[in-house]
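J.: give me coordinates for this.
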Amino acid sequence: MKLNTLGVAHKIIAEKVKAGDFCIDATAGRGNDTSFLCSLVGETGKVIAFDIQQDAVDSTKALLQSKGYDSIAQVFLDSHSNMDQYAQENSVDCITFNFGYLPGGDHNIFTTPATSIPAIEKGLKLLKQGGLMSLCVYYGGDSGFEEKNALMEYFRTIDSKQYTVLITEFANRPNNPPIPVFILKQI
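T.: Next up, the predicted model:
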């Protein structure tokens, strides 16, 4: 396991997601989370992924095809804030988010609290009881601190009777290390 944000997130997700599960990658990016989720759910599972950039959708589809996962996952050119149009409430086992901008893409296109917070709210309703949401908060760019601050404030308002929110951080990493956040829908 890599000792970085994505490595930590993948370790926790791997402990929770199993064959046959239904997962959502809310921010497809280059397809790494989508592919990882496909490897966990297997042929009997299902993964759907979203991104607002055609480049990200194309990258994700190419990666899935190269790994033989294109029959497991569907990738949509759409905002994560519309995920509730693709899944029913209480039907999803795991949802992943990576907030920020597309690696190797246009840094002028990035996630914002205006769509990210509604997407999280919708995702929380889509999760089954016992379901997991993994959120990697990348920040430090031109707009990253604004979104990070809004998300951190929002996470603290999530109903503690229905969800457990765990905010973790790397205390000894330089610059602005991404923040892994996990939300578990209580049983």
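
J.: out of the helices and strands in this structure, which is least certain?
T.: Ranking every helix and strand in the chain by mean pLDDT, DSSP states H and E puts helix 144-155 at the bottom, with a mean of 90.

J.: tell me what it is packed against?
T.: Secondary-structure packing of helix 144-155 (3 or more C-beta pairs under 8 Å, 6 or more residues apart in numbering; DSSP states H and E): strand 92-99, helix 113-126, strand 127-137, strand 163-167, strand 179-185. Every C-beta, even on glycine, is put in place using the N, C-alpha and C of the backbone.

J.: give me whichever of those is most buried.
T.: Among the helices and strands packed on helix 144-155, strand 92-99 has the highest mean neighbour count (mean count of other C-beta atoms under 10 Å), at a mean of 26.

J.: so what touches that strand?
T.: Applying C-beta atoms under 8 Å, 6 or more residues apart in numbering, the contact partners of strand 92-99 are 6, 9, 13, 16-17, 21-27, 29, 33, 37, 80, 83, 111, 116, 119-120, 123, 126-128, 131-139, 147-148, 151.

J.: what's the offset of it from the middle of its chain?
T.: The chain centre lies 3 Å from the centre of strand 92-99; the measure is C-alpha atoms, centre = their mean, to the nearest Å.

J.: tell me the mean pLDDT for it?
T.: The pLDDT scores in strand 92-99 average 95.

J.: rewinding a little: what is the orientation angle of the least confident helix or strand of the chain with strand 179-185?
T.: Relative orientation of helix 144-155 versus strand 179-185 (axes from the mean of the first three to the mean of the last three C-alpha atoms, to 10 degrees): 30 degrees.

J.: list the buried residues in helix 144-155.
T.: For helix 144-155, the neighbour count (16 or more other C-beta atoms under 10 Å) marks Gly144, Glu147, Lys148, Leu151, Phe155 as buried.

J.: what's the closest of the residues you listed to Val181?
T.: Proximity of the buried residues of helix 144-155 to Val181 (C-beta to C-beta) peaks at Phe155, which lies at 6.3 Å.

J.: what residue ranges in this structure score low on pLDDT?
T.: Across the chain, the ranges flagged by pLDDT under 70 are 1-2, 101-105, 107-109, 141-144.
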